[in-house]
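Chemist: sequence below, structure please.
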Amino acid sequence: MDKETAGRENVTFEQMQIKHLDQIMQIENLSFPTPWTKNAFEYELRENDFAHYIVALAGGRIVAGYAGMWVVLDEAHVTNIAVHRDQRGHGLGIALMLELFKRAIMLGVQRMTLEVRPSNAPARALYAHLGFKEQGLRKNYYSDTKEDAIIMWKNDLTQIP
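Modeler: Reported below is the predicted structural model:
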């Protein structure tokens with residue numbers, strides 16, 4: 001088994017639910033300088049009809065990572081993705097993105113976009129590996145640091161490198 005699949009053999013994906021939020025908040029708080037609040041996730045799950053969120057469960061019950069997107073017409077916008085720091089480096093980020101692609105395609109989506117910090121080299125490398133292209137910049141996008149955001153697009157979700 002190679003490094004990319006090690007650690008994923010017992011991972012399953014399912015729709016994010018309220019019961020996952022305590023574990024998600026642990027990952028969120030470890031992963032981001034300005035984490036989303038539990039209320040923000042609850043709103044997304046209960047109120048936002050455009051929102052689609054998944055969790056990666058290790059052993060069927062431990063949240064190893066999560067990802068979300070908004071689907072509007074034939075486009076998807078990745079809102080967030082995070083992997084527990086103990087699970088990083090084993091391909092789970094790629095697996096989460098591929099699961100988002102699969103679910104987006106089933107919803108009629110053809111293209112996907114996201115924003116990423118220029119300083120987040122691992123995420124930028126992941127997205128580039130999956131075929132996302134840098135196609136714009138949002139100046140001072142991140143309120144915590146005033147860092148810009150690189151806008152990336154993948155125009156054909158069926159094309160997997």
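Chemist: every contact and neighbour count from this point should use C-alpha atoms.
Modeler: Fine.
Chemist: for residue 123, what are its contacts?
Modeler: Contacts for residue 123 (C-alpha atoms under 8 Å, 6 or more residues apart in numbering) come out as residue 116.
Chemist: my read: residue 24 touches residue 67, true?
Modeler: No - using C-alpha atoms under 8 Å, residue 24 is not in contact with residue 67, being 10.1 Å away.
Chemist: which residues does the residue most central in space within the chain contact?
Modeler: Residue closest to the average C-alpha location in the chain (C-alpha atoms, centre = their mean): residue 81, at 2.5 Å. The contact partners of residue 81, by C-alpha under 8 Å, 6+ apart, come to 65-68, 93, 96.
Chemist: got the buried residues for whichever strand or helix holds it?
Modeler: Element membership for residue 81 (DSSP states H and E) is strand 75-83. The neighbour-count check on strand 75-83 (16 or more other C-alpha atoms under 10 Å) flags 75-78, 81-83 as buried.
Chemist: now the longest strand anywhere in the chain against strand 75-83, angle please.
Modeler: The longest strand of the chain (DSSP state E) is strand 62-72. Using axes from the mean of the first three to the mean of the last three C-alpha atoms, to 10 degrees, the inter-axis angle of strand 62-72 relative to strand 75-83 is 160 degrees.
Chemist: got the CA coordinates for strand 62-72 in CSV?
Modeler: Backbone C-alpha positions of strand 62-72 (Å, rounded to 0.1, in the frame of the first residue of the first chain) are rendered in CSV as follows:
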residue,chain,number,x,y,z
ILE,A,62,-14.4,9.3,13.8
VAL,A,63,-14.4,12.4,11.6
ALA,A,64,-11.0,12.4,9.8
GLY,A,65,-11.9,15.2,7.5
TYR,A,66,-14.7,17.1,5.9
ALA,A,67,-15.5,19.2,2.8
GLY,A,68,-18.3,21.4,1.6
MET,A,69,-19.6,23.1,-1.5
TRP,A,70,-22.4,25.3,-2.7
VAL,A,71,-24.1,24.2,-5.9
VAL,A,72,-25.7,26.9,-8.0
